[in-house]
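> predicted structure and sequence below. I'll ask about it afterward.
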Amino acid sequence: MTLPSTYRDRNCSIARALEVVGERWTLLIVRDAFYGVRRYGDFAVQLGVPRAVLTDRLKTLVAEGVMERGKDEQGALEYRLTGKGRELWPVLRALMGWGDAFYSPQGPRRSFRHAADGGLVDAGGRCAACGRDVPAPDLLVEPGPGFDAGAPAEDPVSALIDTPRPLLEPIS
Ligand SMILES: [Zn+2]
C-alpha cells in the first residue's frame with residue numbers, strides 16, 4: 001500500500017520517494033538492515049512491529065527493489081539491501097543528524113567512524129581524519145555521547161546493534 005498520489009505530487013520526487021519509504025516503520029526497517037538485521041524474525045523482535053505490518057512493508061521494499069529476498073549460508077530466508085537500498089544511507093544519516101540536533105540534547109546517540117582510519121564521520125558523511133566521504137560499507141557504528149545506556153536492550157538483536165560494529169555486517 002502506497003500513499004495516495006495526487007496531481008500536485010507529480011513533479012515532486014520527495015513525494016514519489018515517500019510513496020516507497022514514507023510509511024510508518026519502513027525507514028526503521030531500512031535502518032535495521034544497515035545495522036545488519038536480515039531475518040524476518042529479527043526485524044519483528046527488534047522493532048516490535050506487528051507482523052502483518054512488517055510483511056506489508058517488506059513486500060513493498062522488495063517490489064520497489066530497495067531490498068531483495070535471498071537465502072543465507074544456513075539456507076534461511078533473509079532480506080538484504082540492494083544497491084538502490086544502500087543509496088538510502090545518506091538520507092537516513094541526514095535524518096539522524098537532524099534528530100540528534102533537535103531531539104538529543106546530550107549529543108548524537110550513535111557515532112560513526114571510518115573503518116580505515118578511525119576518524120569520526122559527520123552527518124554529511126565526511127571523515128574528520130582523512131576528509132573523504134565515507135560510504136556505508138566502510139563505516140563503524142558505536143554508541144555516541146547521547147546514547148542512553150541506562151536501559152539495556154531486552155532482546156539479543158538490539159543488544160548487538162548497541163555494541164560497536166561494522167555497518168551492514170549481518171547479524172545472525
Ligand atoms: Zn577517514
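Now that the structure is in, tell me what you want to look at. Residues are numbered from 1 along each chain as shown.
> for the chain, just list every one of the strands.
For the chain, the strands defined by DSSP state E occupy 67-71, 77-81, 110-114, 139-143, 165-166.
> so which of those comes closest to the ion?
Of all the strands of the chain, it is strand 110-114 that lies closest to the ion, at 3.4 Å by C-beta to the ion. Any C-beta I mention is one placed from the backbone N, CA and C, and that applies to glycine too.
> angle of the closest one against strand 139-143?
With axes from the mean of the first three to the mean of the last three C-alpha atoms, to 10 degrees defining the directions, strand 110-114 sits at 150 degrees from strand 139-143.
> show me what strand 110-114 is packed against.
Contact here means 3 or more C-beta pairs under 8 Å, 6 or more residues apart in numbering; DSSP states H and E; on that basis strand 110-114 packs against strand 139-143.
> for the chain, which helix is longest?
helix 89-103 (DSSP state H).
> give me the helices and strands touching it, please.
Counting contacts by 3+ C-beta pairs under 8 Å, 6+ apart, helix 89-103 packs against helix 26-34.
> average pLDDT across the helix it packs on?
In this model, helix 26-34 has an average pLDDT of 98.
> same check on stretch 132-152?
92.
> list the buried residues of that stretch.
134, 136, 138-141, 144, 146-147 (16 or more other C-beta atoms under 10 Å).
> same check, this time on stretch 114-124
Within stretch 114-124, the residues scored as buried using 16+ other C-beta under 10 Å are 114-115, 119, 121, 123.
> right, is that stretch up against the ion?
Yes: shown here: stretch 114-124 in contact with the ion (C-beta under 5 Å from the ion) through 114, 117, 119.
> how about the residues of this structure by the ion?
Within the chain, the positions near the ion by C-beta under 5 Å from the ion are 114, 117, 119, 127, 129-130.
> repeat the analysis, applying 8 Å as the threshold.
114, 116-119, 121, 127-132, 134 (C-beta under 8 Å from the ion).
> contact partners of the helix or strand of the chain with the lowest mean pLDDT?
The weakest-scoring helix or strand in the chain, judged by mean pLDDT, DSSP states H and E, is helix 156-161 (a mean of 89). Under the criterion C-beta atoms under 8 Å, 6 or more residues apart in numbering, residues 32, 35-37, 42, 45-46, 152-153, 171 lie in contact with helix 156-161.
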